[in-house]
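Enquirer: need coordinates for the following:
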Amino acid sequence: MNDVLKHFDYKTHYQTDAEEFDYFEKRIGPAEHEERRVREVIISEISANANLILDVGCGSGWVAKEFLNKNKKVISLDISKKNPFVVNQLYQSKNHLPLVADSFNLPFSSDSVDCVVASEIIEHIIDPKEFLSELFRVVKKGGKVMISTPYKEKIRYALCVHCNRKTPVNAHLHSFDEVILKNYSKEIGAGKFQSIIFGNKALIFLRTHILLKYLPLSLWQAVDWLANKIYDKPLHLVCSYEKN
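Expert: I've put the predicted structure just below:
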């Protein structure tokens with residue numbers, strides 16, 4: 001384990017993080033467009049038969065917002081107290097359960113939920129394999145664990161003014177591609193693995209979201225696919241692990 005991971009108290013960090021930063025602040029411009037497309041890709045991969053969805057690291061509660069309207073049951077889980085509380089205030093429903101818990105020790109029996117969503121979480125995790133194993137444990141047979149993460153991200157570091165140690169920017173501890181995440185599927189016993197790579201860097205730099213934001217997902221994906229054929233710089237990776 002490297003020096004950064006050795007000294008990282010993730011529980012305290014993310015409990016404090018939720019208090020210090022506003023996960024519910026409205027995003028604008030390219031950031032809003034990119035986040036929306038990541039969410040749309042995840043949503044498109046979740047089965048219509050998934051009735052109970054566990055949102056690990058719920059953040060702003062977009063999973064609850066999307067699926068409660070479709071009469072699904074959603075558990076909004078976070079290690080902080082603040083985020084699940086606010087999400088519950090925003091999306092009140094008899095089908096919505098806010099929950100404070102550690103994703104490494106989920107308070108659910110095995111094979112108990114239809115789908116787990118962990119969006120933009122795994123890059124922050126000390127032990128990705130252990131994390132995925134615990135998420136996969138609670139999914140029913142035929143269900144999925146959905147992961148999104150930056151694609152082949154170059155981890156940047158800053159020198160912490162408090163501890164004088166190298167600290168990864170945005171607390172991103174790992175960088176992933178489809179090969180790394182597929183290898184985890186074998187280790188956790190997933191029956192089927194799928195990956196989707198998307199989000200062209202040039203399209204963001206050229207601020208094409210001003211026009212492309214009006215396209216439905218399928219048409220946007222076609223434009224994005226062509227852009228990555230010309231300039232191979234995708235930014236996002238969405239993966240699913242299915243349990244046989």
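Enquirer: mind listing the strands for the protein?
Expert: 52-56, 73-78, 96-100, 113-119, 139-150, 157-159, 166-168, 192-200, 234-242 (DSSP state E).
Enquirer: now do the third one: everything it contacts.
Expert: Same thing as strand 96-100. Here strand 96-100 makes contact (Cβ atoms under 8 Å, 6 or more residues apart in numbering) with 58, 64, 68, 73-81, 84-85, 87-88, 107. In this view, the C-beta of every residue, glycine as well, is placed from N, C-alpha and C.
Enquirer: rank the strands of the chain by pLDDT, which is bottom?
Expert: Of all these, mean pLDDT reaches its minimum on strand 166-168 (a mean of 88).
Enquirer: show me what that strand is packed up against.
Expert: Using 3 or more Cβ pairs under 8 Å, 6 or more residues apart in numbering; DSSP states H and E, the elements in contact with strand 166-168 are helix 3-6, strand 157-159.
Enquirer: mind listing the strands the shortest one pairs with, and their directions?
Expert: When sheet partners are counted by DSSP bridges, strand 157-159 sits next to strand 166-168 (antiparallel).
Enquirer: wait, isn't G29 in contact with H209?
Expert: Yes: counting by Cβ atoms under 8 Å, G29 touches H209, with 7.2 Å between them.
Enquirer: which of the two has more residues huddled nearby?
Expert: H209 (19 against 12; other Cβ atoms under 10 Å).
Enquirer: mind listing what that one touches?
Expert: 29-30, 33-34, 203.
Enquirer: let's see that with 7 Å instead.
Expert: By Cβ atoms under 7 Å, 6 or more residues apart in numbering, the residues touching H209 are 30, 33.
Enquirer: how about the helix ranked longest in the chain as CSV, C-alpha atoms only?
Expert: Secondary structure assigned by DSSP state H gives helix 29-45 as the longest helix of the chain. Output in CSV follows, covering the C-alpha atoms of helix 29-45 (Å, rounded to 0.1, in the frame of the first residue of the first chain):
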residue,chain,number,x,y,z
GLY,A,29,-22.1,24.5,-18.8
PRO,A,30,-19.9,21.5,-19.9
ALA,A,31,-19.8,20.0,-16.4
GLU,A,32,-23.6,19.8,-16.3
HIS,A,33,-23.8,18.3,-19.7
GLU,A,34,-21.1,15.6,-19.0
GLU,A,35,-22.7,14.6,-15.7
ARG,A,36,-26.1,14.3,-17.4
ARG,A,37,-24.7,12.1,-20.1
VAL,A,38,-23.0,9.8,-17.6
ARG,A,39,-26.3,9.4,-15.8
GLU,A,40,-28.3,8.8,-19.0
VAL,A,41,-25.9,6.0,-19.9
ILE,A,42,-26.2,4.4,-16.5
ILE,A,43,-30.0,4.7,-16.6
SER,A,44,-30.2,3.1,-20.1
GLU,A,45,-28.4,0.0,-18.8
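Enquirer: which residues sit against that helix?
Expert: 27, 62, 66, 117, 119, 146, 148, 196, 198-199, 204, 207, 209, 213, 217, 220, 236, 238, 240.
Enquirer: equivalent analysis for stretch 101-109, please.
Expert: 11, 56-57, 77, 79, 130-131, 134, 138.
Enquirer: got it, and stretch 64-78?
Expert: By Cβ under 7 Å, 6+ apart, stretch 64-78 touches 43, 50-58, 61, 63, 84, 87-88, 91, 93, 95-101.
Enquirer: what about S218, how many residues close to it?
Expert: Quick note: S218 (other Cβ under 10 Å) scores 9 neighbours.
Enquirer: S44 versus that one, what's the distance?
Expert: 9 Å (Cβ to Cβ, to the nearest Å).
Enquirer: equivalent analysis for V161, please.
Expert: 42 Å.
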